[in-house]
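> need a structure here:
(3 chains)
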Amino acid sequence: MSQQFSYDIAHLIGATVLMAGFGLLYQRRVFAVLNTFAFQAVALAAAAAWQAHVQHAPHLYVTAAIALLFKAMAVPFALHWLIEKLGIHRTVETALSIGWTMIVGVALVALSIMLVLPVTAAASALTRESLALAMSVVLLGMLMMITRRNAVTQVVGFMALENGLILAAVSAKGMPLVVEISIAFSVLVAMTVFGIFFFRIRERFDSLDVAYLESYRGDRS
Amino acid sequence: MSLDALFANPLLLILAIPLASAGFLAVLPSWRLASWLNIVVSGTTFAASLTLFAHRPAPTRLLFIDDFNVYLVALTTFVGFTTAIFSAGYIARESAAARLSDLHLRFYHSMYQAFLFTMLLALSANNTGVMWVAVEAATLTTVLMVSLYRTREAIEAAWKYFILCSVGIGLALFGTTLVYLAAQPVMGDGADAMAWTLLIGQAAKFQPDLLNLAFVFLLVGYGTKVGLAPLHAWLPDAHAEGPTPISAVLSGLLLNVALYALLRFKMLIAANPDTLAPGPLMVLMGLSSLFLSGFMLMRRGDIKRLFAYSSIEHMGVMTFAFGMGGPLANFAGLLHMTMHSLTKSGIFFAVGAITQNLGTKRLNEITGLTVSHPALGWGLAVAVLAIAGMPPMGVFMSEFLVVSSTFARQPLLAVPLIVGLLIAFAALATRLTGMLFGEPQPAQRGHGGRTGLSSWLAYGPLWLHVTMVVVAGLYLPAPLVQWFETVAKMLG
Amino acid sequence: MNAILWQAVQILLVVALAPLVTGYVRWVKARLQGRRGAAPWQPYRDLYRLLQKEAVIAHSASWIFRAAPYVTFASVWLAACIVPTFTTNMVLAPAADLIALVALLAVGRFWTALAGMDVGTSFGGLGASREMLIASLAEPAMLMITFSLSLVSGTTAPAKIVAFVLAGNVGIEVSLGLALAAMVMVAIAENGRIPIDNPATHLELTMVHEAMVLEYSGRHLAMVEAAAMVRLTLYIALIATLFAPWGIAQPGAGAIGALLGLAAFLAKTFVLGSVLALFETSIAKMRVFRYADFLGGALLLGLLATIFLYVSEAV
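From the prediction side, this is the model:
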């Protein structure tokens, strides 16, 4: 198998993860957001598995499995269940219109490419482009957290950000296993925390719109 | 691992004690016993950390102790210990007032030890990845504790804290990955390229551009956790809404740990001659934190929020000092880190006692403390004067050193620094007079009664900290000075 | 000599094949929906019937209304002539260019919209304004795609792009994938297919293309319909040529090569037509307010394709 081919495949999968990141910004329904997120996680699992294959690093298959089982299945199912159970609004509430969000998103992708490519001249081609893609995914996740007001979509934005981080970590050749497992673990813990929050917020406000929380803001006296 | 190994290496012991107690306290049904045990365990950890001075274990792949972190480990275990003492009294009164259920209290003690464990792990980790995991875990444990009261404000604060700090910590991971990528061509694959002890010697060969990019991410990421100005939004809420002992360790310890992480990376960047100087960025963020919090201090009406903003101010001063660099400024920064930890946690002990005695957090309802609670009132007075930077206390010394070293090298930068410090001083001084003097509040509004023991559990640590700060201002022991100097040189 | 011959074949082929392609898509859709459906060659009969009928023209109509069907058909037909379908060995191939193609299609669209407004009915104006909305977003997207293709192959001439790809110069390229996705979205919008428009509906609220041509009858309607059919064939051919050029005869391939190219082209058309029918059956029509997002997405994909080229360039 040629170097070029493995590079092309990694590039392709990474771009799929990024496209899913844009998909998250494009959706207007919460369930569609969850499906897109699941798709992104599947693409991430594929990226991790491909890196495991290319780098001959079997521990990355574990990362792939975690992405597949936890992020692509458990989390979307859990959120889906929560939404149905709690009767949360099913439309995405936007702070910035979808069109503008997408334009900002493209600008962020251009920014990350411009930032990453010049500084990684010494790194292998495989790493460089994955890094540029990963950074774009991270920035898109942040963008989603900023521009979507609903708590569920903020959570998904955070998880998308994490996907970008893991994409970066798996592409970094030989990065030790400790990190990946712990990342996955912390996501798990994060999820339980989120779970508690959903119930508590529900208990208190009968709504998951974060805007309700902000009736009384950080610079109150 | 055998027990012998555990006792042979005090570092492992220091980590094992809080970890094991976190598990044990989670299943211990009696919270009263748990709160005493919490003190004993924290005290043991502190004692164990003192042995590090006598015998420093050799670095392993995961853990290491050097001149820099040994002093932070000792500081952390010490403040952890005194806060545990304060916490026992605080918790007893909260429980008596039925503000926390028994289950919550059990959870609280377990999380307290887990939190100490994650901080100690972050400080002693010899692996950038492990350090990151520890900081992330510290975030999670504190989020759970901030939301302990389950009030609307507590949940808002915890949510904000979680979202902002998770994003911050995520960016820090990206920065960590970038540092690994910079190191990997030189150090080879695997854990070697993440070990502090190995990285620092080879840093000059790393690719400078990649390190620059990494540092931006790390500064924003860990800077969020330090509470630096544009990224500070979570800090006042988290401090104001959580239980007061948690506010004390958040301000006194967690912010230090985050700053420590940042400084480690700064050392790495500084060891490479071709990178951009990280200093100006840190100086800028430090100054903006100082100014923002200075003005914010003027308008606060909530006592815990007031001191939370004061923490932002002091983290700004430290970041400024480390950003300036050089032996003198670094010395000042290290001293300030210590003094701020001691003073601010002491202040929060006082604040905890005040809010319980008076049953309010509103500043305009807190008056005449010197009349109604003299031990508390005067203790707070000294502590607040110390934090505001009055001579002869320790904070004054460190701030004076920051200012004078800045004057020596960048006189123009000293002007905004002094103006910022004066604004903060003025704000705190006016607030303090309001609290100490005037008509005392009727006592019956407090909750949880006023048992003698639990009061002294609060006043004891408060006076201990205050005394230390005053003494440090008058006389710094020579070995301590010498040692700060060594570390200041390490920081470059 | 051959070039002239193949060009003539191409000119006739697109017109002859277009009704069959449309009919085939309709037939597959009907089958997928569980209906028997009209035979694939039904559009030939429809066109013949319309040509026999008398054209009714509104009193308020001007010469624009009468000229528009012919101009539209001519421009679309000319556009279809320059897209290589089975061979690149054609007289017009050197002159053909993706930017020219976009311009020719724009001429057709412009005249259709003018005609829609000319009679002064409310539907015509509504359809025209929606059509212009779609066009204003689809054209930049199409140009973006053209840019990214030309960055890959160094040319905007379809014939040269085909030669470049067939020479094996291009691997699995992310930007080509993105460009393909963008191209499909533009094609859907330009041909008024679901989810943008529904060619089978005359529902006031949703129709776009049908609203503009509501006033036409007889031979005028035949021209309009034929133009739509040729446009669909053109886009299918364009996608097949640019993104899956395998089988297309190159200059010097001779008659056998051309015949093989023809067979490959028919197969590709068959596959793409089936995919289109399947896609249209499985998806719901989109609200008019979402058009901007959909085509904005296409524009964005095109933009990303261009950006990604810089990634691979720099590597």
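> chain A: helices as residue ranges?
A:3-26, A:30-55, A:59-66, A:75-86, A:98-119, A:125-147, A:151-171, A:177-205, A:210-213 (DSSP state H).
> in JSON lines: these, plus mean neighbour count.
Heads up, the C-betas are built off the backbone N, CA and C, glycines and all. Converted to JSON lines, those look like this (neighbours: other CB atoms under 10 Å in any protein chain shown):
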{"stretch": "helix A:3-26", "mean neighbour count": "21"}
{"stretch": "helix A:30-55", "mean neighbour count": "22"}
{"stretch": "helix A:59-66", "mean neighbour count": "19"}
{"stretch": "helix A:75-86", "mean neighbour count": "16"}
{"stretch": "helix A:98-119", "mean neighbour count": "18"}
{"stretch": "helix A:125-147", "mean neighbour count": "25"}
{"stretch": "helix A:151-171", "mean neighbour count": "26"}
{"stretch": "helix A:177-205", "mean neighbour count": "18"}
{"stretch": "helix A:210-213", "mean neighbour count": "18"}
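> tell me the mean pLDDT for stretch B:171-179?
Taken as a whole, stretch B:171-179 carries a mean pLDDT of 89.
> one step back: ok, which of the helices of chain A comes nearest B:Ala414?
Of all these, helix A:98-119 sits nearest to B:Ala414, with 33.8 Å by CB to CB.
> now do the closest one, average pLDDT.
Here the average pLDDT along helix A:98-119 is 86.
> now do the contacts for the closest residue to chain C within the stretch 101-250 of chain B.
The nearest approach of the stretch 101-250 of chain B to chain C comes at B:Asp209, 14.0 Å away (CB to the nearest CB). B:Asp209 is in contact with A:118-121, counting by CB atoms under 8 Å, 6 or more residues apart in numbering or on different chains.
> so C:Val119 versus chain A, what's the distance?
Distance, C:Val119 to chain A, by CB to the nearest CB, to the nearest Å: 33 Å.
> please tell me I have it right and that residue contacts C:Met212.
No: using CB atoms under 8 Å, C:Val119 makes no contact with C:Met212, being 10.0 Å away.
> out of those two, which sits in the busier spot?
Neighbour comparison, C:Val119 and C:Met212: the larger count goes to C:Met212, with 28 against 20 (by other CB atoms under 10 Å in any protein chain shown).
> from C:Met117, how far off is that one?
Distance, C:Met212 to C:Met117, by CB to CB, to the nearest Å: 8 Å.
> overlap in contacts of these two?
Common neighbours of C:Met212 and C:Met117 (CB under 8 Å, 6+ apart) are C:124, C:128.
> on that earlier part again, if we check chain C, which of the contacts of B:Asp209 are in contact?
Applying CB under 8 Å from any CB of the partner chain to the contacts of B:Asp209, one finds that nothing falls near chain C.
> name the nearest of these relative to C:Thr281.
Ranked by distance to C:Thr281 (CB to CB), these are led by A:Thr120 at 45.9 Å.
> that closest one: neighbour count?
Each residue near A:Thr120 was counted by other CB under 10 Å, and the total is 24.
> which one is the closest residue to chain B within chain A nearest to, not counting chain neighbours?
Residue of chain A nearest chain B, by CB to the nearest CB: A:Gly174 (2.5 Å). Closest residue to A:Gly174 apart from its sequence neighbours, by CB to CB, 6 or more residues apart in numbering or on different chains: B:Asp189 at 2.5 Å.
> check contacts around that neighbour.
Applying CB under 8 Å, 6+ apart to B:Asp189 gives the contacts A:173-175.
> any idea how far B:Ala270 is from it?
26 Å.
> ok, C:Ala227 next?
Counting by CB to CB, the gap from C:Ala227 to B:Ala270 is 70 Å.
> between the two, who's got more neighbours?
A count of neighbours by other CB under 10 Å puts C:Ala227 above the other of C:Ala227 and B:Ala270, at 26 against 18.
> phi first, then psi, for that one.
Per-residue torsions, C:Ala227: phi -60, psi -40 (degrees, to the nearest 10).
> list the contacts for it?
C:69, C:72-73, C:76-77, C:108.
> please name the nearest non-neighbouring residue to it.
Looking at C:Ala227 with CB to CB, 6+ apart, the closest residue is C:Phe73, at 4.2 Å.
> give the next helix or strand downstream of the helix or strand where that neighbour lies.
Secondary structure assignment for C:Phe73, by DSSP states H and E: helix C:63-81. Toward the C-terminus, helix C:63-81 is succeeded by helix C:98-118 as the next helix or strand (DSSP H and E).
> who's in contact with the residue most central in space within chain A?
Nearest to the mean C-alpha position of chain A, by CA atoms, centre = their mean, lies A:Ala160 at 1.1 Å. By CB under 8 Å, 6+ apart, the contact list for A:Ala160 reads A:21, A:24, A:37, A:40, A:137, A:140-141, A:144.
> TSV for the residues you listed, including pLDDT and distance to chain C?
Formatted as TSV, these follow (pLDDT from 0 to 100; distance: CB to the nearest CB, whole Å):
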residue	pLDDT	distance to chain C
A:Gly21	92	11
A:Leu24	91	13
A:Phe37	93	18
A:Gln40	94	16
A:Val137	94	13
A:Leu140	94	12
A:Gly141	92	17
A:Met144	91	15
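> separation between the residue most central in space within chain C and C:Ala284?
Taking CA atoms, centre = their mean, the centroid of chain C lies closest to C:Tyr235, which sits 3.2 Å from it. Separation of C:Tyr235 from C:Ala284 (CB to CB) stands at 22 Å.
> for C:Leu166, same thing?
As for C:Leu166, its distance to C:Ala284 is 39 Å (criterion: CB to CB).
> one more: C:Leu180?
With distances taken as CB to CB, C:Leu180 is found 23 Å from C:Ala284.
> and stretch B:150-164, which residues are buried?
B:152, B:154-164 (16 or more other CB atoms under 10 Å in any protein chain shown).
> and of the residues you listed, the nearest to chain A?
B:Glu156 (4.6 Å).
> which positions in chain A make contact with chain C?
So chain A meets chain C at A:4-5, A:8-9, A:11-12, A:15, A:19, A:22, A:26, A:98-99, A:102-103, A:105-106, A:109-110, A:113, A:117, A:125, A:128-129, A:132 (CB under 8 Å from any CB).
> tell me the SS of the closest residue to B:Ala84 other than its chain neighbours?
Spatially, and ignoring its direct neighbours in sequence, B:Ala84 is nearest to B:Ser42 (4.0 Å; CB to CB, 6+ apart). Recorded secondary structure, B:Ser42: helix (DSSP: H, G, I helix; E, B strand; the rest coil).
> surely B:Ser42 touches B:Phe115?
No: counting by CB under 8 Å, B:Ser42 stays clear of B:Phe115, with 11.2 Å between them.
> circling back to that earlier point, contacts only, for the residue nearest to B:Ala84.
Applying CB under 8 Å, 6+ apart, we find B:Ser42 in contact with B:18, B:77, B:80-81, B:83-84, B:113, B:116.
> and it, how far from chain A?
24 Å.
> pick out the most distant pair among the contacts of C:Ala227.
Among these, C:Pro69 and C:Trp77 lie farthest apart (CB to CB), at 12.0 Å.
> in three-state terms, label B:Pro57 for me.
Under three-state DSSP, B:Pro57 comes out as coil.
> burial count for it?
16.
> what's the closest non-adjacent residue to it?
Closest residue to B:Pro57 apart from its sequence neighbours, by CB to CB, 6+ apart: B:Asn9 at 4.7 Å.
> returning to that earlier point: from B:Gly286, how far off is the residue nearest to the centre of chain A?
32 Å.
> for A:Val17, same thing?
Using CB to CB, we find A:Val17 at a distance of 37 Å from B:Gly286.
> check B:Val471 too.
27 Å.
> of the two, who's got more company?
More crowded of B:Val471 and B:Gly286, by other CB under 10 Å: B:Gly286, with 28 against 14.
> how close does C:Thr22 sit to chain A?
Separation of C:Thr22 from chain A (CB to the nearest CB): 30 Å.
> contacting residues around that residue?
Shown in contact with C:Thr22 (CB under 8 Å, 6+ apart): C:43, C:228-229, C:232-233.
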